[in-house]
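Student: Next comes the sequence, and after it the predicted model I'd like to discuss.
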Amino acid sequence: MHIEEVDERDSTWEQHDSTFRVYFAQGPERSITTFDVSGATFSEVRDWTRNQAPDDTIIAIALVGLDSRGLKGLTWLLGMDPNDHPESEIEVRMLAEMEPGSPSS
């Protein structure tokens, strides 16, 4: 983890109307159900996922955004795509956050 103190005035824009992509991966075969959620804060989305997910379900949450070409993409906030295999140390940690019963899920 790298931590650096910054000047909060260095950003040039903010967005308050976020859309979140929620992945529910259930069972050993990780059958996936996906939702886009808007009109909510991250905490509200995380709480909603906890109330919706059965015990054998892992959860991942991403921020949906558009790049400079207008193409949709995801910034992972909790976990990662359950279909992907971790290729780096941070992805291993992101995957661990998704396990049922983890403090984050």
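Tutor: That came through, no problem.

Student: contacting residues around the longest strand seen in the chain?
Tutor: Once the chain is assigned using DSSP state E, the strand that runs over the most residues is strand 57-66. The contact list for strand 57-66, computed with Cβ atoms under 8 Å, 6 or more residues apart in numbering, reads 18-27, 30, 36, 42, 45-46, 49-50, 53, 72-82, 98-100, 105. Just so you know, the C-beta spots here come from the backbone N, C-alpha and C atoms, and that holds for glycine as well.

Student: Now, those that are in strands?
Tutor: Among those, the residues falling in strands (DSSP E) are 19-26, 36, 72-78.

Student: quick revisit: and the longest strand of the chain, which strands flank it?
Tutor: Neighbouring strands of strand 57-66 in its sheet, by DSSP bridges, are strand 19-26 (antiparallel), strand 72-78 (antiparallel).

Student: Let me have those in TSV, extended by mean neighbour count.
Tutor: Below are the strands paired with strand 57-66 laid out as TSV (neighbours: other Cβ atoms under 10 Å):
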stretch	mean neighbour count
strand 19-26	20
strand 72-78	14
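
Student: pull the helix or strand with minimum mean pLDDT from this structure.
Tutor: When the helices and strands of the chain are scored by mean pLDDT, DSSP states H and E, helix 89-97 comes last with a mean of 90.

Student: Now that helix: buried residues?
Tutor: Of all the residues in helix 89-97, those buried under the rule 16 or more other Cβ atoms under 10 Å are Glu91, Met94, Leu95, Glu97.
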